[in-house]
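> Sequence and predicted structure are below.
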Amino acid sequence: MTEQLWFLNTLVSVRVPHELGTDGVSVLESRAPRGDSPPMHVHGEDEIFHVLDGTMLVRIGDEEHIVKAGETLLAPRGVAHSYRVDSDEARWLVVTSHGDFERFVRSFSRPAPNAELPKASGPPSPDEAEALSAACRRHGIELVGPPLT
């Protein structure tokens with residue numbers, strides 16, 4: 001059975017947990033509403049985005065890409081990146097290695113009681129933002145800029 005988590009405004013389904021393989025590959029399916037965008041950030045894992053439904057703007061370094069259903073994009077380790085959901089909703093796979101990103105998501109998520117998006121909560125409160133920043137630091141993620149607008 002697929003584990004489902006609410007990570008801020010995103011429903012995350014753990015499709016392949018990092019513990020299953022010998023190299024820590026993780027596959028997470030994310031679903032988020034229009035406008036969802038994390039801060040620009042850098043981490044030590046390559047991150048593959050494969051859009052299943054919807055349209056996303058993905059910024060990698062100084063380049064912006066419109067990524068639609070069926071398209072795949074790589075955000076190389078060590079390069080600042082973020083995304084913004086530009087359709088009413090988007091659903092995409094995130095593939096990483098070593099398990100660090102998956103552990104980060106798990107550390108700041110709560111179990112999803114159903115397969116629906118969490119109730120929109122808007123931007124994190126100051127306390128939530130500090131807790132999120134601390135979780136990022138613990139998992140080797142450096143926040144380097146604001147979300148995409």
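That came in fine, so what should we check first?
> worst-scoring helix or strand of this protein, pLDDT-wise?
Sorting the helices and strands of the chain by mean pLDDT, DSSP states H and E puts helix 126-138 at the bottom, at a mean of 92.
> Which strands or helices does that one pack on?
Judged by 3 or more CB pairs under 8 Å, 6 or more residues apart in numbering; DSSP states H and E, helix 126-138 is in contact with helix 100-107, strand 142-145. Where you see a C-beta, it was placed from the backbone N, CA and C, and this is true even at glycine.
> can you pull the buried residues of the first one?
Pointing back at helix 100-107 there. Residues of helix 100-107 classed as buried: 100, 101, 102, 103, 104, 105, 106 (neighbour count, 16 or more other CB atoms under 10 Å).
> next one: the shortest one
Of the residues in strand 142-145, those scored as buried under the neighbour-count criterion (16+ other CB under 10 Å) are residue 143.
> Please could you give me each C-alpha atom of it, formatted as PDB?
Only the C-alpha atoms of strand 142-145 are listed here, as PDB (Å, rounded to 0.1, in the frame of the first residue of the first chain):
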ATOM      1  CA  GLU A 142      19.900  25.300   1.600                       C
ATOM      2  CA  LEU A 143      17.100  27.900   1.000                       C
ATOM      3  CA  VAL A 144      18.500  30.500  -1.400                       C
ATOM      4  CA  GLY A 145      15.500  32.500  -2.500                       C
END
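> Show residues contacting it.
Contact with strand 142-145 is made by 39, 40, 41, 42, 43, 80, 82, 133, 136, as judged by CB atoms under 8 Å, 6 or more residues apart in numbering.
> so the second one makes contact with residue 149?
No - Residue 40 is beyond contact range of residue 149, at 11.5 Å (criterion: CB atoms under 8 Å).
> just to revisit the earlier point, could you give the angle of the least confident helix or strand of the chain to helix 100-107?
Interaxial angle, helix 126-138 versus helix 100-107 (axes from the mean of the first three to the mean of the last three CA atoms, to 10 degrees): 150 degrees.
> Centre of the chain to helix 126-138, how far?
Averaging C-alpha positions (CA atoms, centre = their mean, to the nearest Å) puts helix 126-138 15 Å from its chain's average.
> now stretch 53-63
Relative to its parent chain, stretch 53-63 has a centroid offset of 12 Å by CA atoms, centre = their mean.
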